[in-house]
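In: Dropping a prediction and its sequence here:
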There are 2 protein chains.
Amino acid sequence: MNQNYQATSVGDIEARGRVTLHNELALTGSEISINELPPGASVPFVHCHKRNEEVYLVVKGKGRFHVDGDEFEVGEGSVVRVDPAGGRCITADQQSSLRYICIQTEAKSLVQFTESDGVILETKPSWLQ
Amino acid sequence: MNQNYQATSVGDIEARGRVTLHNELALTGSEISINELPPGASVPFVHCHKRNEEVYLVVKGKGRFHVDGDEFEVGEGSVVRVDPAGGRCITADQQSSLRYICIQTEAKSLVQFTESDGVILETKPSWLQ
């Protein structure tokens, strides 16, 4: 298959608990996980990274985030960047599940983006013709 | 501020329409946008990229995706990788808004991830002590 994209559906995240996309989508610039912690559940350890920046995006529910001894509440719309050296952990609240997306990328790898990297084309999708 | 993280809340995505995180979180490995298209709305052009791989994660609602002339339905749980050269566009359905996350990274920049990049630490968050 020689095409410029790959698409799938991750299905029921609540049932699957954790889905990782790097291999499923043949990603080359990131690893992305979609995660659902049930009420009271935590990632069972604090970890840091050798090279990768991580970004956490909370999609649903409530929980708490830990970095280097700092702790704070997170909920829908919370976004957190953690540098490689940061010691991080995340938990769902006792009364709420927590759904979040975690994006790993090589720190300092982005060269340009959006206006400086995107090129508008003359082609149109069916709904704009 | 000399700390290994930055955190904020993006607030009401439905009201804001589009939030970009690169500058808000001082990201170095990605640009990430959180987007909400109202019913019937489309990104108004097809575009490709010079260097960046994009990943689209649909969080809520229904819509359609276009890449290089291929078109397919997307909804909660749909995930799409698009290589730099792919000409892409996304629209919400006429009867549904569409919320999605778009992640731009330098193509082929990821060196290692998860088990090979993460290091488990001995520290504990308050909820695991």
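Out: Cool, got the structure.

In: where does chain A have its least confident helix or strand?
Out: The weakest-scoring helix or strand in chain A, judged by mean pLDDT, DSSP states H and E, is helix A:13-16 (a mean of 90).

In: And it, what does it pack against?
Out: strand A:31-37 (3 or more CB pairs under 8 Å, 6 or more residues apart in numbering or on different chains; DSSP states H and E). Any C-beta I mention is one placed from the backbone N, CA and C, and that applies to glycine too.

In: Partner strands of the following helix or strand past the least confident helix or strand of chain A, with direction?
Out: Proceeding C-terminally, helix A:13-16 gives way to strand A:18-20 as the next helix or strand, assigned by DSSP states H and E. According to DSSP bridges, strand A:18-20 has the following sheet partners: strand A:31-37 (antiparallel).

In: quick revisit: counting neighbours, which bits of the least confident helix or strand of chain A end up buried?
Out: By 16 or more other CB atoms under 10 Å in any protein chain shown, the buried positions in helix A:13-16 come out as residue A:13.

In: Likewise for stretch A:118-128?
Out: A:118, A:123, A:125, A:127.

In: Can you give the distance of that stretch from its chain's centre?
Out: With CA atoms, centre = their mean, to the nearest Å as the basis, stretch A:118-128 stands 28 Å off its chain's centre.

In: same check, this time on stretch A:117-129
Out: Taking the mean of its C-alpha atoms, stretch A:117-129 sits 27 Å from the chain's own mean (CA atoms, centre = their mean).

In: out of the buried residues of stretch A:118-128, which one sits closest to residue B:51?
Out: Closest approach between these and residue B:51, by CB to CB: residue A:118, at 10.2 Å.

In: quick one: the residue nearest to that closest one when sequence neighbours are not counted and residue A:23, what's the gap?
Out: Nearest residue to residue A:118 in three dimensions, chain neighbours excluded: residue B:47, at 4.9 Å (CB to CB, 6 or more residues apart in numbering or on different chains). Using CB to CB, to the nearest Å, one gets 27 Å for the distance from residue B:47 to residue A:23.
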